[in-house]
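[1] Structure, please.
(one chain, ligands or ions: 2)
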Amino acid sequence: MLLRSAHIHISGIVQGVGFRPFVYALATRLGLHGWVRNTSAGVDIQVDGSLKQLEAFIATLRLEAPPLSHIDSQDVVFGPPGGFTAFEIVHSQAVEAAFIPISPDVCICADCLWELFDPADRRYRYPFINCTNCGPRFTIIQDIPYDRPNTTMSAFPLCAACAAEYQDPLDRRFHAQPVACPDCGPQIWLERGGSAEPLVRGEPSIRMARDWLMDGQVLAVKGLGGFHLACDATKPQAVERLRQRKLRVGKPFALMMPDLAAVEQHCLVSSEEAVLLTSHQRSVVILERQPGSPVAEACAPGQHTMGVMLPYTPLHYLLFANPDQTPAVYDLPPLVMTSGNLSEEPIATGNAEARQRLAKLADAFLMHDRDIHTRCDDSVVRSQPEGAHIYPLRRSRGYAPDPLRLPFEMPPLLATGAELKNTFCLTRERYAFLSHHIGDLENYETLQSFEDGIRHYERLFRIAPQRIAYDLHPDYLATRYALERACQDDLPAVGVQHQHAHIAAGMADNGLSGELPVIGVALDGTGYGADGAIWGGEFLVADYRGYQRVAHLAYVRLPGGDRAVHEPWRVALAWLKQAGIAWEDDLPPVRHARQAAGEGTNLLQVLEHQLISGLNAPYTSSMGRLFDAAAAIAGVRQVVSYEAQAAIELEALADRSETGYYPVTITDGLLDPTSLLNALVADLRGGITLPIIAARFHNGIAEAVGVMCRELRTQYDLDQVVLSGGVWQNMFLLSRAMARLQTDGFTVLFHQRVPTNDGGLALGQAVIAAAQDN
Ligand SMILES: [Zn+2]
Ligand SMILES: [Zn+2]
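    Numbering: from 1, shown residues only. Ligands and ions are numbered 1, 2, ... in the order given. Modelled structure (predicted):
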């Protein structure tokens, strides 16, 4: 038998996921000799055998690769045999300038969950049980290479039993960096708010935490990427109290339920949604509420959906499980599990920081001593209107920092993203590292975590940006950072128009090469336009190099600027005036303005003056604001506590069976909603119900999108449509518009890997900046 040797280089997610033990076990099974090692560029394997044996080995590598691994490429070079006498795992080798992707955090695996509740296991009820297939990763990594000394687990020297598992290639915990046990690993304890002294430690803290939760108290629980605030979701008073303390007026709270069966008692769960719920990312999944669910209305006021996730750390499971029953019985009601922060601040991560920042929010703290190096919020997804793909709303824990693979090479560059829902993006080769959710950059702590995050990613993935991309909005803190950094490091900076970035993000998300332009329908709330107006209802013919604004929603004045975002009645009055509809008292926004008027001020007069003079009333083509206006005119809501609340509530009302629509007039690329608004007001005055009005409004916009795209196809001979921008989070609109476009023979692309809102913007900025000539 002629022996030869195969040298195999594998890149992708192949470290920290049990890849070397898998290779070791496979080679041993096939009776092959050689070695495997980690390098800073992936995994290298050298193995002797006959051609047939080597081919079988190589094919099986891909077929049976560990569940959390992802092979990007596999290069094989054959040569003379190495004369090995055994198969070995050899020491790591550093490759200068190369990088290996870092795994996101992974929820507890089935094996560890079994051991957690097995009284015979030495990690029985240990809140930090993990293995090569599960546990913290990204949030505990301080530096590369990914070895224990470079993680926050370096504070916990392994005991003899754990060290033996760590060193055994055939053990599930071989080189599992966060491996730990009750003897050597992190511990939990419970504190009363206002005291840094542990009240109880270990197991009794779980019992007491459960008692307090069932008693209606608010608990701060330290998790993987930060603290959560938890309370019994079926106790309206507990939820209300948390809401008031958090200064979170109307925004929904995420919920945690122990298993799929529990979720099904409270929500309608399709088979696709069940897959999303149980996936190892354990995102918050937006689900339709089950009528009659005892979950308090205050968890998601005015909505017919709930955001639900399953437990993902051992500690979560221990909280839900009755400590006196074996096997585990989950007997706690659904819990609110909202991020541990005040209103728009970033989620708290450190113990001392949490004690201070959450002092007024939590009655007690369930703490532990494993430090969180990188803050990482829960991801939020929903299932797509068609098929089993996900529709991400926030891409964070479980996904970041897994890079997005692009169909083309990228230079090393940094894109700094938008102001709200910020994420940044760093690129190299065919990878785009879109960051975890950073948040709203308006406060100091968030800005700090934005700057720290950029430096951390640059170091972890060895990226030295040669170009910086930023949004055109001069007041965005992300923009200021980009310009200062470009100046400091003497780098070219590329300003990218907001809606163009959305469409490019949609193209890159769908793996388009960008050689052919697309029709981009960018509908969102606020984007700084090339003419200085606020854009948001844009039709672009775009590729990565550039765009042409070929159509848009008609301009209206936005009285009060940003203030109108929080007070939809203002933009409603502006649209009414523009549509020639008199401000009569029977219209809800007019009534609101009269009632809200303070002593001596006539808000209607002030607003009218603003509309005529244009003082603090910039022009906008924002589709988000038109939705706000419609919601206010229909009487749904005049003032909101978070952006798009009125539009979200209007969507919630819409009657799914209604097919009628209000017409939008299209002339020379201008979408004029005058007739739409007149029809809406006529229906309102005619006593037509809100669900019908809401549906006809949505259908009207979907119809207008369809008609406009058809005109653009004739004009530009393009039949690929990319939908992007925050308004496309509206599932009613998305499914109606898609149906309309697909009937017309368009290929419709929308997001599936990054959010359609500003959380995906940095990806678009990056690919646009890469396409610009120097
Ligand atoms: Zn595990
Ligand atoms: Zn141990």
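[2] When you work out contacts or count neighbours from here on, use the C-alpha atoms and nothing else.
    Will do.
[3] and the protein, which of its residues are near ligand 1?
    109, 112, 130-131, 133-134 (Cα under 5 Å from the ion).
[4] Need the per-residue pLDDT for residue 759.
    In this model, residue 759 is scored at 98, pLDDT.
[5] Please tell me which one of the residues of the chain next to ligand 1 counts the most neighbours.
    When neighbours are taken as other Cα atoms under 10 Å, the top entry among the residues of the chain next to ligand 1 is residue 130 (30 neighbours).
[6] Around ligand 2, which positions in the stretch 601-750 of the chain sit nearby?
    By Cα under 5 Å from the ion, no residue of the stretch 601-750 of the chain approaches ligand 2.
[7] Show me the strands in the stretch 601-750 of the chain, by range?
    619-620, 665-667, 670-672, 720-724, 747-749 (DSSP state E, counting those that start in this stretch).
[8] May I have the strands that pair with the second one, each with its orientation?
    Pairing partners of strand 665-667, with direction, according to DSSP bridges: strand 670-672 (antiparallel).
[9] any idea of the mean pLDDT for the partner strand?
    The model assigns strand 670-672 a mean pLDDT of 98.
[10] Then stretch 246-266?
    Per-residue scores along stretch 246-266 average to 93.
[11] that older thread, using JSON lines, lay out the strands of the stretch 601-750 of the chain together with mean neighbour count.
    Formatted as JSON lines, those follow (neighbours: other Cα atoms under 10 Å):
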{"stretch": "strand 619-620", "mean neighbour count": "22"}
{"stretch": "strand 665-667", "mean neighbour count": "14"}
{"stretch": "strand 670-672", "mean neighbour count": "20"}
{"stretch": "strand 720-724", "mean neighbour count": "25"}
{"stretch": "strand 747-749", "mean neighbour count": "16"}
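[12] Using pLDDT, spot the least trustworthy of the residues of the chain next to ligand 1.
    Scoring the residues of the chain next to ligand 1 by pLDDT puts residue 133 last, at 89.
[13] OK, contacts around residue 174?
    Residue 174 is in contact with 18, 21, 132, 165-168, counting by Cα atoms under 8 Å, 6 or more residues apart in numbering.
[14] Buried ones among these?
    Among these, the ones that count as buried by 16 or more other Cα atoms under 10 Å are 18, 21, 132, 165-166.
[15] now, which of the residues you listed lie within helices?
    Under the assignment DSSP state H, these contribute 21, 165-166 to helices.
[16] what about the closest residue to ligand 2 within the stretch 601-750 of the chain, neighbour count?
    The nearest approach of the stretch 601-750 of the chain to ligand 2 comes at residue 729, 46.0 Å away (Cα to the ion). Residue 729 has 20 neighbouring residues, counting by other Cα under 10 Å.
[17] I figured it hits residue 756, correct?
    Yes - if you go by Cα atoms under 8 Å, residue 729 and residue 756 touch, sitting 6.9 Å apart.
[18] and residue 528, bridged to which residues?
    As for beta bridges, residue 528 partners with residue 534 under DSSP bridges.
[19] what residues are up against it?
    Residue 528 sits in contact with 471-473, 497-498, 534-535, where contact means Cα under 8 Å, 6+ apart.
[20] out of those, who's nearest ligand 2?
    Proximity of these to ligand 2 (Cα to the ion) peaks at residue 471, which lies at 49.1 Å.
[21] dump the residue contacts of the closest one.
    So residue 471 contacts 416-418, 478-479, 495-498, 528, 765 (Cα under 8 Å, 6+ apart).
[22] looking at the sheet around it, what are its partners?
    For residue 471, the beta-bridge partners are residue 496 (DSSP bridges).
[23] Need the per-residue pLDDT for residue 774.
    54.
[24] where in the stretch 451-600 of the chain is pLDDT low?
    The stretch 451-600 of the chain contains residues with pLDDT under 70 at 597-600.
[25] Before we go further, residue 549 is sitting in a strand, right?
    Yes - according to DSSP: H, G, I helix; E, B strand; the rest coil, residue 549 belongs to a strand.
[26] what's the closest non-adjacent residue to it?
    Nearest residue to residue 549, sequence neighbours excluded (Cα to Cα, 6 or more residues apart in numbering): residue 540, at 4.6 Å.
[27] Can you tell me how far the closest residue to residue 765 other than its chain neighbours is from residue 401?
    Leaving aside its chain neighbours, residue 765 sits nearest to residue 501 (5.1 Å; criterion: Cα to Cα, 6+ apart). From residue 501 over to residue 401 the distance is 21 Å, taken as Cα to Cα, to the nearest Å.
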